[in-house]
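here's my sequence, what's the structure:
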Amino acid sequence: AKPILEKMGKNIFHAGAAGNGQVAKVCNNMILGISMIGVSEAFVLGEKLGLDAQTLFDISSTASGQCWSMTSYCPVPGPVPASPANRNYQPGFTAAMMLKDLRPAQDASKTARTPIPLGAQAAQLYSLMEAAGEDSLDFSGIIRLIRGEI
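Numbers count the residues shown, from 1 in each chain. Have a look, this model is predicted:
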């Protein structure tokens, strides 16, 4: 199967038993959803305290706060030219798609009897985007909810 999969993507991993690939996908996207919320909160707080978004990006993207959500998909316009924030949050990966992965993570946590409080909070916040009819935006548009624009 690997030669066929290599034509579909560059990073191919064997996750183990049947279903483990789906587990990895759900867990990875939970990390992504949580980290985007954290990055968004930091930018909103910085803005409210008078810190320029570009300055926060320049510092945090090279310090301990650095993560993919910041350096590749920054939720504020400007610092990352290819970010959906520069296109009014037109989606690459919609908030609805993020929620589609966060909900199974919640179910899995119950099955595994493992609390995931940040995952639960992330699902709740993306659910608010859905309830407001804004889930067709890119998932980085969560910053609009945090700003109180949604």
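
identify the residue nearest the geometric centre of this protein.
G33 (3.1 Å; Cα atoms, centre = their mean).

does that residue touch L102 like I think?
Yes - G33 lies in contact with L102 (Cβ atoms under 8 Å); the separation is 5.7 Å. Yep, even glycine has a C-beta here, placed from its N, CA and C like the rest.

ranges for the strands of this structure?
With DSSP state E as the criterion, the chain has no strands.

tell me which stretches of it form helices.
For the chain, the helices defined by DSSP state H cover 2-6, 20-48, 53-60, 68-71, 95-111, 117-131, 142-147.

look up how far I12 lies from A24.
Distance of A24 to I12, computed by Cβ to Cβ, to the nearest Å: 12 Å.

go on, K110?
Relative to I12, and taking Cβ to Cβ, K110 is found at 31 Å.

and what of V23?
On the measure of Cβ to Cβ, V23 and I12 end up 17 Å apart.

of the two, who's got more company?
Taking neighbours as other Cβ atoms under 10 Å, V23 and I12 compare with V23 leading, 16 against 12.

can I assume the more buried one is in contact with D107?
No - taking contacts as Cβ under 8 Å, V23 lies outside contact range of D107: 11.8 Å.

low-confidence ranges, this protein, go.
Within the chain, the segments meeting pLDDT under 70 span 1, 15.

tell me which residues are up against stretch 131-148.
Outside stretch 131-148, the residues that touch it by Cβ atoms under 8 Å, 6 or more residues apart in numbering are 32-33, 36-37, 40-41, 43-44, 69, 73-76, 83-85, 89-99, 125-126, 128-129, 150.

now it: buried residues?
E134, D135, L137, D138, F139, S140, G141, I142, I143, R144, L145, I146 (16 or more other Cβ atoms under 10 Å).

can you check stretch 93-109 too?
By neighbour count on 16+ other Cβ under 10 Å, the buried set for stretch 93-109 is 93-99, 101-102, 104-106, 108-109.

CA atoms only: put stretch 82-102 into CSV for me.
Only the C-alpha atoms of stretch 82-102 are listed here, as CSV (Å, rounded to 0.1, in the frame of the first residue of the first chain):
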residue,chain,number,x,y,z
ALA,A,82,-0.4,32.6,3.0
SER,A,83,-2.6,32.6,6.2
PRO,A,84,-6.4,32.6,5.7
ALA,A,85,-6.5,35.7,8.0
ASN,A,86,-5.2,37.6,5.0
ARG,A,87,-8.2,36.4,2.9
ASN,A,88,-11.0,37.2,5.5
TYR,A,89,-10.7,33.7,6.8
GLN,A,90,-11.7,32.0,3.6
PRO,A,91,-11.1,28.4,4.5
GLY,A,92,-8.3,25.9,3.9
PHE,A,93,-9.7,23.8,6.8
THR,A,94,-13.1,25.0,8.0
ALA,A,95,-14.2,25.4,11.6
ALA,A,96,-16.8,22.7,10.8
MET,A,97,-14.1,20.3,9.8
MET,A,98,-12.2,21.0,13.0
LEU,A,99,-15.4,20.4,15.0
LYS,A,100,-15.9,17.2,13.1
ASP,A,101,-12.6,16.0,14.6
LEU,A,102,-13.1,17.5,18.0
